[in-house]
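Asker: Quick check, what structure comes out for this input:
(one chain, ligands or ions: 2)
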Amino acid sequence: MGIIKQLPEDIAIKIAAGEVVERPASVVKELIENALDAGATKIEINLKDGGKSSIEIKDNGSGMDRDDAMAAFLRHGTSKITQVEDLGYITTLGFRGEALAAIGASAEVELITALTHANEGSIVLTHFGQTQAAKPYAPLPGTTIRVKNLFSSLPARQKFLKNEVTEWKNCLEIMTKQMIAHPEVGFIVKHNDRIVFDVPLDQEISSRVAQTWKIEQTKLIDVNSETPHMQLTGVVLTPQAAHEIKSHQFFVVNGHPVSDRMVARSIKDAFGTLLPPTIYPSYALQLRIHPGIVDVNIHPRKDEVRFVNPQEMYRFIFASLSQALEGGEKTFANLPPSLAPKMAHFSPTEPKEMNFPTPRLSFNATYTKRNATFDAIPIKTLLEVQSMRNETTTPVEEPIVTLANCYLVTIREEKLLLIDQHAAHERILYNKLWEQDHEKQVIRQPLLIPIELDFNESEQALFDEHKADFEQAGFHFANSSIGIAIQEVPQLVSSKEMTSFFRSLLSGLEDRDEPDLKDFKHKLFATMACKAAIKAGDSISETEKRQLIDNLLTMPDRFTCPHGRPSHIMISTSELEKLFKRTGF
Ligand code: ADP
Ligand code: MG
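Answerer: Ligands and ions are numbered 1, 2, ... in the order given. Predicted coordinates for the structure are as follows:
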């Protein structure tokens, strides 16, 4: 006699329930998805105690008739697929028919629903898996589900629930994701009867994001691109406003918020040198793609996604974001139009048409404007007032002072401008190197005495692999008694410490996974720019300071050095007003 028995349904369902419903946030997720699948345009969510004592979700979707209101709680009860072929073409958020069965097995649940023009609605009560027959109820269109005392009769599960604040934070994360994924739907969110969000339906993605992240809309850059098979829309936070937390990263594939490493990498790569390593890009992006070439339903709970052609996706996302970041006037919102450069198409990993105009800036227009608004500007720094006095006779250039042998301080366009002279110079040289590379016009400089390079085996191998690239970048080598000797260097690079220069460059290349010429060039140019740039502590003339600032302010990607550190900081008078607590803060 064998010992294996099939588990009774009521036990099986409780085990399965644990996989779908882990905590209040998972209930919230499933119920919002059901409301969205039912075509709701308004969803009201009311939570108590972080969702532990009560979760109520009310929608204005299609509703259900009485039979369906009962069948909804059956295990594998779903209206969303009927045959196995449907699995390859899923357009709804749910389809497993497990959520309501699992929620019904784990809590006290009340379901009130009615079809749109029905004369009568229904109410179904289910209590830890015991479902009562549906009863007539008022015909309130749509569906309301109340889930009370989650896990209260399942101590083994209840003990894993955290305190109210933690559970609430988990729910908040889910709701924020859904609000951002569905700007076409209005949401009202209440916690312990306090309104936390009230966002209208049919919002632009940028206003939805600004409202849910509680930031100014001007800090967002629109992303909008499409191919015949896919469309990417949404917003990214300007690199200057980006921060050290990762929580503002939303990628939605056909309505499913997903987290995917390849997607995250393509976005990070598109930001390239615009962000230092410890700062994360913030984004809310919607990908619409033919359901046949993506699988968003790999795992019942996890937000995973599988693309038929991941490389193509990588390239599409990378290119869409690069384009948005390059072209986005908002990236350069810090600068008034008179200073705005002709935006060259530039990205560190994908150089395109390069064009680096360096117009002299005309200050006359600014000065006139300043005079006109003089009375209206409440705060003026001493320097600024001084310069306005001067300018009534002859326009003078703002003085530039150096602080701590490293920071240049001046005023441009009524803003306090602080520049890190090394980072700024690095950015200028780095961009120039790409420009020369693109135009294939590297200016070389022969060395009077060739410099011998002394490499170990692995360095030598890497060097040999990239010798042609080095030569294209402006170096020229000859064989020497100990190995290699440099005979010519690019003019932008100083000839000091060449061995250490090559060594640090080659060591950076050692553990990369895929050889990529653009990535190599980025490293090469960033290292060259770093070595050749003026350092903190170097003293430079007044003319050089002015050139450095003028040059930097016309550069693409000027806000950071090639390693992503800020090159300059601009503080407007309104920001000063806030700092001095003169206005709302
Ligand atoms: P799934 O969403 O995977 O189909 P669920 O258990 O979440 O499974 O829901 C079961 C069925 O109940 C759904 O297929 C749908 O027909 C119906 N349903 C659930 N919630 C709603 C709702 N808010 N409005 C209308 N129908 C709903
Ligand atoms: Mg569902």
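Asker: and T402, which of the three is it?
Answerer: Three-state call for T402 (DSSP: H, G, I helix; E, B strand; the rest coil): strand.
Asker: burial measure for it, as a count.
Answerer: T402 is flanked by 15 other residues according to other Cβ atoms under 10 Å. In short, each C-beta sits where N, CA and C put it, glycine included.
Asker: Just list whatever residues bridge to it.
Answerer: Counting by DSSP bridges, T402 is bridged to L408.
Asker: Repeat that for the one 10 residues further on.
Answerer: When bridges are taken as DSSP bridges, the partners of R412 come out as K415.
Asker: residues touching it, list them.
Answerer: R412 sits next to 339, 398, 549, 553, 570 when contact means Cβ atoms under 8 Å, 6 or more residues apart in numbering.
Asker: Can you name the residue of the protein that approaches ligand 1 most closely?
Answerer: Across the chain, no residue is closer to ligand 1 than G94, which sits at 2.4 Å (Cβ to the nearest ligand atom).
Asker: and that residue, how many neighbours does it have?
Answerer: Neighbourhood size, G94 [other Cβ under 10 Å]: 20.
Asker: Are we agreed that it is in a strand?
Answerer: No. Counting by three-state DSSP, G94 is located in no strand; its state is coil.
Asker: Need the three-state assignment for the closest residue to it other than its chain neighbours.
Answerer: Leaving out its chain neighbours, the residue that sits closest to G94 by Cβ to Cβ, 6 or more residues apart in numbering is E33, at 5.3 Å. Three-state assignment for E33 (three-state DSSP): helix.
Asker: Let me see the contact set for the residue of the chain closest to ligand 1.
Answerer: By Cβ under 8 Å, 6+ apart, the neighbours of G94 are 30, 33-34, 37, 78, 80.
Asker: now it: how far from L100?
Answerer: 9 Å (Cβ to Cβ, to the nearest Å).
Asker: Now list whatever residues contact both of these two.
Answerer: Applying Cβ under 8 Å, 6+ apart, one finds that G94 and L100 are jointly contacted by 30, 34.
Asker: Let me see the ranges of the strands in the stretch 451-585 of the chain.
Answerer: Ranges of strands in the stretch 451-585 of the chain, per DSSP state E, counting those that start in this stretch, are 476-479, 484-490, 568-572.
Asker: about what we covered before: turn the contacts of R412 into a markdown table, including distance to ligand 2 and neighbour count.
Answerer: As requested, these are exported to a markdown table (distance: Cβ to the ion, whole Å; neighbours: other Cβ atoms under 10 Å):
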| residue | distance to ligand 2 | neighbour count |
| --- | --- | --- |
| L339 | 53 | 17 |
| E398 | 62 | 19 |
| I549 | 58 | 20 |
| L553 | 53 | 23 |
| M570 | 49 | 18 |
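Asker: Let me have these in TSV, extended by pLDDT.
Answerer: Below are these laid out as TSV (pLDDT from 0 to 100):
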residue	pLDDT
L339	29
E398	85
I549	93
L553	91
M570	87
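Asker: Kindly indicate which of these lies nearest Q217.
Answerer: Q217 lies nearest to M570 out of these, by Cβ to Cβ, at 19.6 Å.
Asker: Validate this expectation: A101 resides in a strand.
Answerer: No. Per three-state DSSP, A101 lies outside any strand segment and is helix.
Asker: Quick one, grab the pLDDT at the nearest residue in space to it that is not next to it in sequence.
Answerer: Nearest residue to A101, sequence neighbours excluded (Cβ to Cβ, 6+ apart): R75, at 4.3 Å. At R75, the pLDDT value in this model is 82.
Asker: From ligand 2, how far out is R75?
Answerer: Taking Cβ to the ion, to the nearest Å as the measure, R75 falls 13 Å from ligand 2.
Asker: which residues touch K268?
Answerer: 275, 280-281.
Asker: could you redo the last one with a cut-off of 10 Å?
Answerer: Going by Cβ atoms under 10 Å, 6 or more residues apart in numbering, K268 touches 249, 275, 277, 280-281, 318, 321.
Asker: coming back round to it: now do the residue nearest to G94 against ligand 2, distance only.
Answerer: Taking Cβ to the ion, one finds E33 at 5 Å from ligand 2.
Asker: In contact with E110, which residues?
Answerer: Applying Cβ under 10 Å, 6+ apart, we find E110 in contact with 56, 123-127, 144-148.
Asker: Name the nearest of the residues you listed relative to ligand 2.
Answerer: Top of the list for closeness to ligand 2, among those and by Cβ to the ion, is I145 at 11.0 Å.
Asker: Which positions in the strand or helix carrying the closest one come out as buried?
Answerer: Using DSSP states H and E, I145 maps to strand 142-148. Judged by neighbour count using 16 or more other Cβ atoms under 10 Å, the buried positions of strand 142-148 are 142-148.
Asker: what do you get for stretch 70-87?
Answerer: Neighbour-count burial for stretch 70-87 flags 70-73, 75, 77-79, 81 (criterion: 16+ other Cβ under 10 Å).
Asker: Kindly reformat those residues as TSV containing distance to ligand 1 and secondary structure.
Answerer: Compiled in TSV, the buried residues of stretch 70-87 are given as follows (distance: Cβ to the nearest ligand atom, whole Å; DSSP: H, G, I helix; E, B strand; the rest coil):
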residue	distance to ligand 1	secondary structure
M70	10	helix
A71	7	helix
A72	3	coil
F73	8	coil
R75	9	coil
G77	5	coil
T78	3	coil
S79	3	coil
I81	8	coil
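Asker: could the residues you listed be laid out in JSON lines, adding distance to P183?
Answerer: Below are those laid out as JSON lines (distance: Cβ to Cβ, whole Å):
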{"residue": "M70", "distance to P183": "34"}
{"residue": "A71", "distance to P183": "32"}
{"residue": "A72", "distance to P183": "28"}
{"residue": "F73", "distance to P183": "31"}
{"residue": "R75", "distance to P183": "34"}
{"residue": "G77", "distance to P183": "31"}
{"residue": "T78", "distance to P183": "27"}
{"residue": "S79", "distance to P183": "26"}
{"residue": "I81", "distance to P183": "27"}
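Asker: is ligand 2 contacted by the one helix or strand D10 maps to?
Answerer: Using DSSP H and E, D10 sits within helix 9-20. No. Residues of helix 9-20 contacting ligand 2 under Cβ under 5 Å from the ion: none, with a closest distance of 9.4 Å.
Asker: which other helices and strands contact that helix?
Answerer: Packed against helix 9-20 by the contact rule (3 or more Cβ pairs under 10 Å, 6 or more residues apart in numbering; DSSP states H and E) you find helix 24-37, helix 99-106, helix 155-158.
Asker: a markdown table for these, including mean pLDDT?
Answerer: Below are the helices and strands packed on helix 9-20 laid out as a markdown table (pLDDT from 0 to 100):
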| stretch | mean pLDDT |
| --- | --- |
| helix 24-37 | 96 |
| helix 99-106 | 94 |
| helix 155-158 | 87 |
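Asker: among those helices, which is nearest S225?
Answerer: Among the helices and strands packed on helix 9-20, if distance is taken as Cβ to Cβ, the winner is helix 24-37, at 25.1 Å.
Asker: got a list of what E471 touches?
Answerer: Here E471 is in contact with 442, 444, 477, 488 (Cβ under 10 Å, 6+ apart).
Asker: Please repeat the previous calculation with a cut-off of 8 Å.
Answerer: F477.
Asker: how much space is there between it and I484?
Answerer: Separation of E471 from I484 (Cβ to Cβ): 12 Å.
Asker: anything in contact with each of those two?
Answerer: Counting by Cβ under 8 Å, 6+ apart, the common neighbours of E471 and I484 are F477.
Asker: Can you give me the neighbour number for T218?
Answerer: T218 has 12 neighbours, counted by other Cβ under 10 Å.
Asker: ditto for E167
Answerer: Quick note: E167 (other Cβ under 10 Å) scores 21 neighbours.
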